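Participant: this is the structure alone, sequence omitted:
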Ligand SMILES: Nc1nc2c(c(=O)[nH]1)N[C@H]1C(S)=C(S)[C@@H](COP(=O)(O)OP(=O)(O)OC[C@H]3O[C@@H](n4cnc5c(N)ncnc54)[C@H](O)[C@@H]3O)O[C@H]1N2
Ligand code: MOO
């Protein structure tokens, strides 16, 4: 089989159009916020209450009614956070001692921190003459108003969102059900890491690498094992996979005589969207529609498989999960040492970003069969195919392994 290598951008576009064309019922479920990290909201969430829900003190200090001519106040009582009793009206020269977070009585409009007073004793304080009115009061509803939308449908939940939900006493939320993902490896040469491998055999790197890659990105998956390099057996095996939303395989898709994975899927009705992308590494990649599920076949070489996962798989997952944050954001950094890429194809170069500088891993002199380089890298530089050398000190765009995602497609290609 001879592969036609599809233009990189076109592959991206076809991928997204294919996801859009799937006839999918968006399944939802209601879950506890304790189980909701990385899940995607299936509806907007409104505020249950104002934030803050009462005027409260931003400092440990004294609450008083501002008067431009009064600078000394007698302390008449102390208000602690959580105090609910009614505090009596303050006279002009009276104040309350008040703790951070405590409810500020209606009669007070300003707070001074203990350390900002000019003098104080048990009973009295003096404030500076230039002290400003309304200082240090966190006003009811100043941050969020009751019924305001606080989180939008499509939001992937992180700890900051959970802080907000907790502040509202919201404990159950509606999310999209997790997409179901199957992971399959191919290759008779593979032994699982817990098996004994002879010097002629290799360990299965991709299954665990992809499984944990998915976990890092908030997705769960089922590892279904290694399919034997035998067409008849593969045809049988593949039949049962249509119930998954996404099937991720690795290996068996280039031109080797035992590479008949694509054929096994084709025999079962696979519609190939593309097979081969003009990118190094990872050009053997196959993407297809398998009834209402998708097949992403990553190359066997672990480094190529993982790089493709960073570039292609992450946006696919985000989109399939109905997240709003789909596309990788790039950052701009300074290139530390000159390195070279080939013209005429997109090239993904591993590197390490440190304090705003990019170091190409091994100066971009490595093969896609290597494995250890991934652990020494934390970012990818992606060339357009129109450049050859990337000079020292040049400003470049890179995608970090743990990049942010946004709803707008960014142009991360250099
Ligand atoms: N004549 C050609 N040969 C190859 C081409 C080509 O264009 N023409 N492309 C090369 C490139 S680039 C890649 S990448 C590989 C992709 O091949 P496959 O996706 O079919 O993968 P395999 O042939 O099955 O395996 C390649 C390599 O990776 C190892 N492997 C496979 N699975 C695993 C795994 N789960 N864990 C660890 N290592 C794995 C396998 O042993 C091979 O060494 O094709 C080139 N050939
Ligand atoms: O897919 Mo291969 O790893 O391009 O190098």
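Facilitator: Perfect, I can see it now. All of these numbers come straight from a predicted model, not from anything done at the bench. Residues are numbered from 1 along each chain as shown. Ligands and ions are numbered 1, 2, ... in the order given.
Participant: find the closest residue to ligand 1 in the stretch 1-150 of the chain.
Facilitator: Across the stretch 1-150 of the chain, no residue is closer to ligand 1 than residue 3, which sits at 6.7 Å (Cβ to the nearest ligand atom). The way it works is simple: take the backbone N, C-alpha and C, and place the C-beta from them, glycine included.
Participant: again with the stretch 251-400 of the chain
Facilitator: Residue of the stretch 251-400 of the chain nearest ligand 1, by Cβ to the nearest ligand atom: residue 300 (2.4 Å).
Participant: contacts only, for that residue.
Facilitator: Neighbour list for residue 300: 186-187, 206, 250-254 [criterion: Cβ atoms under 8 Å, 6 or more residues apart in numbering].
Participant: re the thing from before, next, count neighbours for the residue of the stretch 1-150 of the chain closest to ligand 1.
Facilitator: 16 (other Cβ atoms under 10 Å).
Participant: tell me which element it falls in.
Facilitator: Using DSSP states H and E, residue 3 falls within no helix or strand.
Participant: so it is in contact with residue 275, correct?
Facilitator: Yes. At 5.9 Å, residue 3 counts as touching residue 275 under the criterion of Cβ atoms under 8 Å.
Participant: what is in contact with the two at once?
Facilitator: Contacts common to residue 3 and residue 275, judged by Cβ under 8 Å, 6+ apart, are residue 284.
Participant: which strands or helices does the helix or strand harbouring residue 236 pack on?
Facilitator: Using DSSP H and E, residue 236 maps to helix 231-239. Secondary-structure packing of helix 231-239 (3 or more Cβ pairs under 8 Å, 6 or more residues apart in numbering; DSSP states H and E): strand 222-227, helix 261-267.
Participant: what's the least confident stretch among these?
Facilitator: Least confidently modelled of those is helix 261-267, at a mean of 89 by mean pLDDT.
Participant: just after that helix, pick out the following helix or strand.
Facilitator: Taking DSSP H and E, what comes next after helix 261-267 is strand 271-275.
Participant: where's the residue of the stretch 251-400 of the chain closest to ligand 1 relative to residue 204, distance?
Facilitator: Distance of residue 300 to residue 204, computed by Cβ to Cβ, to the nearest Å: 11 Å.
Participant: which elements pack onto the worst-scoring helix or strand of the chain on mean pLDDT?
Facilitator: Of all helical and strand segments in the chain, the minimum by mean pLDDT, DSSP states H and E falls on strand 119-120, at a mean of 80. Under the contact definition 3+ Cβ pairs under 8 Å, 6+ apart, strand 119-120 sits against strand 124-126.
Participant: residues in contact with the strand it packs on: which ones?
Facilitator: 62, 71-75, 95, 112, 117-120.
Participant: which among these gets closest to ligand 2?
Facilitator: Distance to ligand 2, by Cβ to the nearest ligand atom, is smallest for residue 112 among the contacts of strand 124-126, at 66.1 Å.
Participant: is it true that that closest one touches residue 57?
Facilitator: No. Using Cβ under 8 Å, residue 112 is not in contact with residue 57; the gap is 10.3 Å.
Participant: which residues do the two both contact?
Facilitator: Common neighbours of residue 112 and residue 57 (Cβ under 8 Å, 6+ apart) are residue 136.
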